[in-house]
Structures are given as C-alpha cells and as structure tokens.
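Trainee: Quick one: sequence plus predicted model below, questions after.
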Amino acid sequence: MKKITTSFITFGLIFGLASNSELSAQTLDGKQIIEKVYNRPTPPNQTSTLTMTLINKSGETRVRTIKQNTKDFGDVEKNIMFFITPADVKNTSFMNWTYTDATKSDDQWIYLPALKKTKRISSESKSDYFMGSDFTYDDLGDRKVEDDTHKLIGKETLDGKECYIVESVSKDKSYMYSKTVTWVVKDHFIELKKEFYDEEGEKLKVQHIKKYGDFDGFYIKILEEMVNVQDKHSTSLFFENINISVNLPEDLFTERMLMRGI
Amino acid sequence: MKKLALLIILSLFATPFLKAQNVEISGFARNYTGVLFDNGEFSILQNTLNLNFEKTGNKVAFKVNPMVYTYNTDSIKFNMREIYLDLYFNKIDIRIGKQQIVWGKADGVFITDIVSPLNLTEFLLPDFNEIRAGVYAAKFDYYIGNNTFEVIWIPVFTALETPSPGSIWFTQPTFPIQPTFDYSKRNVTASLENSEIFAKFTAITSLVDVELMGGYTWDDAPVLHMTKSFGMNPVTHLPYLSGINVTPEYHRLTLGGGSFSSQIKGFIFRGEAAYYGGKYFLTEDMTAVDGLTEKDYLHYVVGLDFSVSSILISTQFIQEHILDYEPGILTKETQNTMTFLARADVLRETLHLELFSYIGLTNEDALIRPKITYDITDGFSVLLGANIFVGDEAGRFGQYKDNSMIYTKIKYNF
C-alpha cells in the first residue's frame, strides 16, 4: 500500500486494520513504532462530512462544516474539500494533491466563490493553524519519520488499550514543538493520544481520539479532540457519513469541481 | 422604485416556496460609511443587501443574485448582478444568462480579465467581487481531465461604468475650449455582427497552471473622437481654434494573452500578459484624424506570493507599453505600477490585518489601503479601513489626493 505522505485533514484520520500483533510481540524501538504508524495502509477512496467545533475558554463555540473526498491514485493522493458553514466561507473549496515522492511538495488550490477565481496557494506553511482551530496543518498530516528522533519511553494502558509511549524530538531546532509524546496502540499502531510541548518545553496541546470505528477493514476516526492547555481552547473533529466503498471518479478532483462545488 | 418594492415583496413571499424547493438562500447585509480626511464630509453612506438564490443538481443548476444599494437617505440602486442557468453534461458545462466572468492570475489588475467590464463609479475601491459588471453571455466549457477549453459568446455589449458628474470620483476631461458633445454613436446596437467572442484554454498540472486566451471584443471605454474647427482672426489673420466637437464612440479590440502560476520552494510565481491590437489613444498630432491614433498595446504583470511567519506577502509588477509609440500621444509610452499586499489572520482567525497598495512607479503616486477586520461572531464582522491617495496629482492615484478617507464596513453574512 502506498506510503501516506499527505498533509491534510483527511489523511490523518485513517488507521489500518492489518494485524501487527506478531510484530508488536517483538521488541521495537521508538523509530520502528513510529514507522509502523506512518506506514499504516489506507483505503483507496473515502468521503465524509467533518464538523469542526472550536470552543474557547468561556465555552463559546464556533462551528465549521466541511464535505470532503479523498482518492489514492498510487503516485498521488488527491483530496477535495467543500466548505458548507459558516456563511462567510460557504462554497469555498480546496484541493490538495500529495505525492509519494517525498521530495515533491504538495500542490494546493483554493476556489473563492466571491472572487470566482481558483488560486494556487503555497503548501509550505505547515505551522499555520487550520481555520482558527487548535490543529496546525502539520498536526493534521503525517510528519515524516526522519524529521524526528524517536525514543520508546514506556508502556501504559490507555482507554483500555495497551500502548507504547514514544517521545519524538525534531531534528530541526526551529520546529514549533520542542517534543511530542505519543501513545501508540500496540495492536494496530494507532496514535491514540499525543502531547505537544512548546519551544520552552511546556506542555502546549493534547490530542485524543475519543471514538473510532471499523469500516470495511479499516479503523477510521470518528471523534477526536485537541486541547490547548495553555489557552484553554479546544477543537473537536467529528466525522460523519464516512464511506470508503465508493469508487470516486478522477474528474472529481479537478478545477471544474472546485468551481461547481458539492 | 415601484418595481424594486415589488421585487422585494415578491422575494419575501417567495422565500417559503423557494425553501420548499430546496433553493438555497444566502447573502449579506452591509453598512459602509466613509469620511473624507480633508473636510470630514461623508464620502459614502451606503447600505447593501445581497441575496443569492441557488439550486444545484446533477444536470442543471441556477443562480439569481439581486443586489440593492441605498445611498444617503433617498437614493436606491438595484442591480441584478447575476441570473443564469447551468447545464451539466458529461464533459461539457453550459452557462447561459447574466454572469460575471473572471479570468487570469493577477490580483487587482485587469489584463486578460476583461470579459466582464468594470464598474469604476467608485474608482478601484469596491471589493473586487463587486467591481465587475455582469454580462449577458453563453459560456461553454469542454473538459478533458484538468484541461478546460472555454468559449464565451456575448451578444449584447456592456460598457465600462464611469463616475457621473457630481461624484468625487468624476474627472472632467480638459479641452482648450468648451466642446460640444455628440452622443449619436455612443451605443453599440445589439446584433450578431456586434457580438463579442472569447476563447480560453486552461491547464492545471502539478508543475504549473496555464491559461491561454484570445478575444474579439469591444474596448469597454468609449474613445473620444474630436473634430476641431478653426476660424480666421480678422486682426492677426491667423487661424484660431473656434470649436471642438466630441463624439464618444466604442471601437473593436482584438487581444491575445495568457497567464501562469507555479509553486517553487513554497513561493508562488505568477504572470499574466495580453497583447491588445487596435487600441485608440488621444494625440496632439495635428495631422491625426479626430485627434486619435491607433496603436497596439502590451499589458503584463509578474507576481510573487510567499509567507513569512504566517504573514502572507504578495507583490506584483505591472507594465503597460504602447508599441510603435509616436510623440504627441497623451498617454505615456510606458507606465509601471506595483502592488503590495501583506495580510495576517490572528486571534484564531477572528482578527484580520491587511495592507494593500497600488504604487505608481511612473508618476510616483500611490493608493494605500490598510484595513482591520474583526469577526464578532461567525459571519458577522466589523471592518475599519482607510484609502490614502498620495503623490503626483497627474497620476492615476495622486489625482484623488482630496479623496483620502477613513471608512467602516459592518457586514452580516447569512
């Protein structure tokens, strides 16, 4: 199965069901565990509706709804998103192409209905936050294994599941997180929980998968939460209408569909 | 006015019916108030209601987009910005009706983006989504993967909208003596012969996005044909200018051009160019017929977009060049302009800071447009901004030095 290198929201939510119990019985180091997380298989097609809820420290909420389609073409994975709410971004759409060739940057386009224009945008701003949420584009994608140094620091049972705990430190000293600590489910190499530490080494955010389900042999995230413990702000992602049994046509991932909308 | 009131009443009564038919209704209400720096007079007092009625199906869709503007307390303007029908086939889309069409890769500059004429009644200040007028057109798109071949037929000419006398944006053409005007040739009769036609090929690839276009159109601005009459001074026995007759008239224009956009190491490189054949320019050459000369004209832009610490920076260099230039032409042979944009979205994308500028390099003038927008809730925003005109008063921007203003926009999207 193709290596997932995509850097957008859909691609962070799929967990392969392939049993790794034999492997987990072996002694794995931190890097090997993260490699197995990174190399999980994914379904070739997926559609879903995402409701993203932003909650500030006063409890006030802002809700964004997005419909999205993803297809794996082998050498490239294409994702198209249509913004449904709020009203001021309605009919905005976004398309992302991610390549298996790790040296190749993602290609991204945004269609702004008010301007009636499709614009190519830069895909390099990984540390920017997605739509005012607590997720950066980097958080939502798959960070390359080689970008960090990984160390197995323990084992723990979390939500009734046995987990490895892996600490990852970026090789790039300017990276926005000084380290991350990830709870990986032993059986399926799912990142069940992840803590993000800021440049001063203080805990910044905690990501937690609250619910996931089995869809035709793949575990898929249904509800997850990211809490910024410093700002007391949180974001939940709730995926509905998940369908991986469709065969999405290639011409769905074109400028024509960006402009036409869903 | 009665028609407008009737339309609003019909819209209100039709709303439940439209909802039952799954017609989506969206839009915005906006208050826009501007005050001139110079004297504290209101430069604009405008309220706007924009309504979108849309229904999208697999084979057919439609959109109706009426807009109502009120000015001061007693002036109202109704604009059916768009009203069209979409037909979707396997590889072909057809859109028929009044529609806004946007081409090109440039921002705030109109080079190949000339299918929909501009509304310059408030100069370049309206939002770019409101500055274009809708055109009655049939648009055909044929798709092959991520390539599109588009043909547009416009049977009815729509002219550039310019400020009326009395507007702070109106600029009076200068003549050596008081002219007389003949408006008999100012209309372009709607006929097959007077149709406009445009074609464009678009390719979106991983490496680069490309557009190639051509058009047989009308110049959206009328050309002022000047006929001078001379008398003989009985004392000096020298000829003198005794009269000028000005006849505004639209002329055909042929153009070809293209644009591209590509990402290299996180930088977006953009470019757009068009070659206009047969554009008329005013000249002081006494031998020129009607005070005009016909020249070809080149207009292009190169741009670069990038981010620095989550601040989007976008800059463009624009050049307009008259080919085979002759002394006496009142427009400069080459005019250079730059644009600069810096934008940051902070406080979880509820506060938007933006600085956009046009900088006239040839005339050393500029329009500087800082603005701050705060989203009080989703869809409800307050904007505080300024439009500052500086530099040479002979320049495109400097001429409006007295129109520098501060303004607010309060907008509710639904």
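Mentor: Received the coordinates, thanks.
Trainee: tally of neighbours for residue A:207?
Mentor: 23 (other Cβ atoms under 10 Å in any protein chain shown). All C-beta atoms are positioned from the backbone trio N, CA, C, and that covers glycine.
Trainee: Give me the contacts around whatever helix or strand it lives in.
Mentor: Using DSSP states H and E, residue A:207 maps to strand A:203-215. For strand A:203-215, contacts defined as Cβ atoms under 8 Å, 6 or more residues apart in numbering or on different chains pick out A:15, A:17, A:43, A:134, A:139, A:177, A:190-198, A:219-230, A:236, A:242, A:244.
Trainee: Give the pairing partners of that strand; include direction for each.
Mentor: strand A:191-197 (antiparallel), strand A:218-228 (antiparallel) (DSSP bridges).
Trainee: which element follows the longest one toward the C-terminus?
Mentor: Once the chain leaves strand A:218-228, the next helix or strand it forms, by DSSP H and E, is strand A:233-243.
Trainee: Mind listing the strands that next one pairs with, and their directions?
Mentor: Using DSSP bridges, strand A:233-243 pairs in its sheet with strand A:45-55 (antiparallel), strand A:218-228 (antiparallel).
Trainee: possible to save those strands as TSV with mean neighbour count and mean pLDDT?
Mentor: Converted to TSV, the strands paired with strand A:233-243 look like this (neighbours: other Cβ atoms under 10 Å in any protein chain shown; pLDDT from 0 to 100):
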stretch	mean neighbour count	mean pLDDT
strand A:45-55	19	96
strand A:218-228	19	92
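Trainee: Need those strands in TSV (columns: distance to residue B:243).
Mentor: What follows is the strands paired with strand A:233-243, written out as TSV (distance: least, Cβ to Cβ, whole Å):
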stretch	distance to residue B:243
strand A:45-55	70
strand A:218-228	76
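Trainee: Residue B:40 is nearest to which of these?
Mentor: strand A:45-55 (40.7 Å; Cβ to Cβ).
Trainee: what does the following helix or strand past the closest one contact?
Mentor: For strand A:45-55, the succeeding helix or strand toward the C-terminus, using DSSP H and E, is strand A:61-72. Contacts to strand A:61-72, defined as Cβ under 8 Å, 6+ apart, come from residues A:2, A:9-11, A:42-55, A:77-86, A:89, A:131-133, A:248, A:250, A:252-253, A:262, B:377-378.
Trainee: quick check: angle from strand A:61-72 to strand A:233-243?
Mentor: Strand A:61-72 and strand A:233-243 are oriented at 40 degrees to each other (axes from the mean of the first three to the mean of the last three Cα atoms, to 10 degrees).
Trainee: Partner strands of strand A:61-72, with direction?
Mentor: strand A:45-55 (antiparallel), strand A:76-85 (antiparallel).
Trainee: Tabulate these (CSV), appending distance to residue B:144.
Mentor: Putting the strands paired with strand A:61-72 into CSV (distance: least, Cβ to Cβ, whole Å) gives the following:
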stretch, distance to residue B:144
strand A:45-55, 23
strand A:76-85, 17
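Trainee: What's the end-to-end length of stretch B:119-137?
Mentor: 18 Å (Cα to Cα, to the nearest Å).
Trainee: What of stretch A:77-94?
Mentor: 14 Å.
Trainee: centre of the chain versus it, how much separation?
Mentor: 17 Å (Cα atoms, centre = their mean, to the nearest Å).
Trainee: Check stretch A:160-175 too.
Mentor: Relative to where its chain is centred, stretch A:160-175 has its mean C-alpha point 16 Å off (Cα atoms, centre = their mean).
Trainee: Can I get that stretch in CSV? Just the C-alpha atoms.
Mentor: Provided in CSV are the C-alpha atoms of stretch A:160-175 (Å, rounded to 0.1, in the frame of the first residue of the first chain):
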residue,chain,number,x,y,z
GLY,A,160,-8.4,0.0,27.9
LYS,A,161,-5.8,-0.4,25.2
GLU,A,162,-2.1,-1.3,25.7
CYS,A,163,0.0,1.4,24.3
TYR,A,164,3.7,2.2,23.6
ILE,A,165,4.7,5.7,24.7
VAL,A,166,7.2,7.3,22.2
GLU,A,167,8.9,10.6,22.6
SER,A,168,9.8,12.4,19.4
VAL,A,169,12.2,15.4,19.2
SER,A,170,12.5,17.3,15.9
LYS,A,171,15.9,17.4,14.3
ASP,A,172,15.1,20.9,13.1
LYS,A,173,15.7,23.2,16.2
SER,A,174,13.4,25.8,14.8
TYR,A,175,10.4,23.5,14.7
